[in-house]
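1. Sharing a model prediction with you, sequence too.
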Amino acid sequence: MSDRDLVREAAAELYAADPDEFIERRKALAAKARAAGQAPAAKQITGLRKPTRSAWIVNQLSRADPGAAAELSSLGEELRAAQGSFDGAAIRELSGRRRELIESLARRAFRASGQPAPPAGIRDEVAATLGAALADPEVAERVAAGTLDRAAHLEGFGPPVPAGPPALTLVKGSGGGRTARAPSRGPAAQRGPAAPPKPAPARPAEPAADLVRAEQERRRQAELAGAERAAAEASEAADAATVAEHEAEATVQSLEEQLADARSALADARGQARRARARQRSTRQALDRLRG
């Protein structure tokens, strides 16, 4: 088996298992690879990161329901197309479908992982990861592979912010005051006063509300991302401490075994010395009797 296949199989096993078993199982798989003479694969296996609980839940969804990733990719493509064409009605309709799909997939993920009532923080991270998969095809691929190690947070879909109106130029009027005048556009501006500008078409209230919600969601996702990074750093530190603990335990166990062997050897040596001294005394006594 090639290194790549071995690492892929190890990742599939590790990210499917409970996170609490990850460290021990990773250590065993890496040791197995080294014993098989595949040191590069063992190094890659050792580098696999322990998943957070929310990432593990999304991984279980991909394994229990492979079609979930296809649902995310399909709706994500529709949303990107609607956003690219500035189709407000389609964006609103697809945004509703987006919320429904994320809620449905989150419920399915919690059932697949055996956690029907997870804490609010876990629910938010799972929903954010599914939303990121809708927005980013690369995240969708990782969700489909079932090898997430962290929750993903990306800004959601939303219409672009419209550009502001052109600036006006202030010029002196006949009364000494200042009057707002539109920029000159050449000879035509000298033939008479310019026609009053046509009022800009009113934007519907819904896209503006969508922008506000998108900004609120972006800020919330940024806060979640910060908390996720802090949790990831704490998790990595805990993983490193656990590995160091296991290495220290292995060292102590090895030293204890060596000490036990040394004590056994000492006991054997003492027994042999006692027997040798006893033979020595017996031999001297026999020699003394022969001399006498």
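-> Yes, it's here. Just so we're clear, the structure is a prediction, and the values are computed from it rather than from any experiment.
2. Poorly predicted segments of the stretch 151-292 of the chain, please.
-> Within the stretch 151-292 of the chain, the ranges that satisfy pLDDT under 70 run 154-209, 228-229, 231-233, 235-250, 253-254, 257.
3. Am I right that residue 134 is in contact with residue 98?
-> Yes. Contact status for residue 134 versus residue 98: in contact at 6.1 Å, counting by Cβ atoms under 8 Å. Where you see a C-beta, it was placed from the backbone N, CA and C, and this is true even at glycine.
4. Comparing the two, which residue is more hemmed in?
-> Per other Cβ atoms under 10 Å, whichever of residue 134 and residue 98 has more neighbours is residue 134, with 29 against 22.
5. Nearest residue to that one in space, ignoring adjacent ones along the chain?
-> Excluding its sequence neighbours, the residue lying closest to residue 134 (Cβ to Cβ, 6 or more residues apart in numbering) is residue 76, at 4.3 Å.
6. again, but for residue 57
-> For residue 57, the spatially nearest residue (Cβ to Cβ, 6+ apart) is residue 113, at 4.5 Å.
7. Give the full set of residues in contact with that neighbour.
-> Contacts for residue 113 (Cβ atoms under 8 Å, 6 or more residues apart in numbering) come out as 56, 57, 60, 61.
8. Out of these, flag the one nearest to residue 286.
-> residue 56 (79.2 Å; Cβ to Cβ).
9. Quick one, grab the pLDDT at the closest one.
-> You'll see residue 56 listed with a pLDDT of 89.
10. did I read that right, it in a helix?
-> Yes. The assignment for residue 56 by DSSP: H, G, I helix; E, B strand; the rest coil puts it in a helix.
11. Give me the contact list for the helix or strand where residue 125 lies.
-> Residue 125 is part of helix 120-135, with elements assigned from DSSP states H and E. The contact list for helix 120-135 (Cβ under 8 Å, 6+ apart) reads 52-55, 57-58, 69, 72-73, 75-76, 79, 98, 101-103, 105-106, 109-110, 115, 118, 139-140, 142-143, 148, 151-157, 221, 224, 228.
12. Please export the C-alpha coordinates of whichever helix or strand the residue nearest to residue 134 is part of as PDB.
-> Secondary structure assignment for residue 76, by DSSP H and E: helix 67-84. Output of helix 67-84 as PDB, limited to C-alpha atoms (Å, rounded to 0.1, in the frame of the first residue of the first chain):
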ATOM      1  CA  GLY A  67     -25.900  13.200  -0.500                       C
ATOM      2  CA  ALA A  68     -25.700  16.100   2.000                       C
ATOM      3  CA  ALA A  69     -22.600  17.500   0.400                       C
ATOM      4  CA  ALA A  70     -24.300  17.400  -3.000                       C
ATOM      5  CA  GLU A  71     -27.200  19.400  -1.600                       C
ATOM      6  CA  LEU A  72     -24.800  22.000  -0.300                       C
ATOM      7  CA  SER A  73     -22.900  22.300  -3.500                       C
ATOM      8  CA  SER A  74     -26.000  22.600  -5.700                       C
ATOM      9  CA  LEU A  75     -27.600  25.300  -3.600                       C
ATOM     10  CA  GLY A  76     -24.300  27.100  -3.300                       C
ATOM     11  CA  GLU A  77     -24.000  27.300  -7.100                       C
ATOM     12  CA  GLU A  78     -27.500  28.700  -7.400                       C
ATOM     13  CA  LEU A  79     -26.700  31.400  -4.800                       C
ATOM     14  CA  ARG A  80     -23.500  32.400  -6.500                       C
ATOM     15  CA  ALA A  81     -25.300  32.700  -9.900                       C
ATOM     16  CA  ALA A  82     -28.100  34.800  -8.400                       C
ATOM     17  CA  GLN A  83     -25.600  37.100  -6.700                       C
ATOM     18  CA  GLY A  84     -23.500  37.400  -9.900                       C
END
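13. That concludes my questions; thank you for your assistance.
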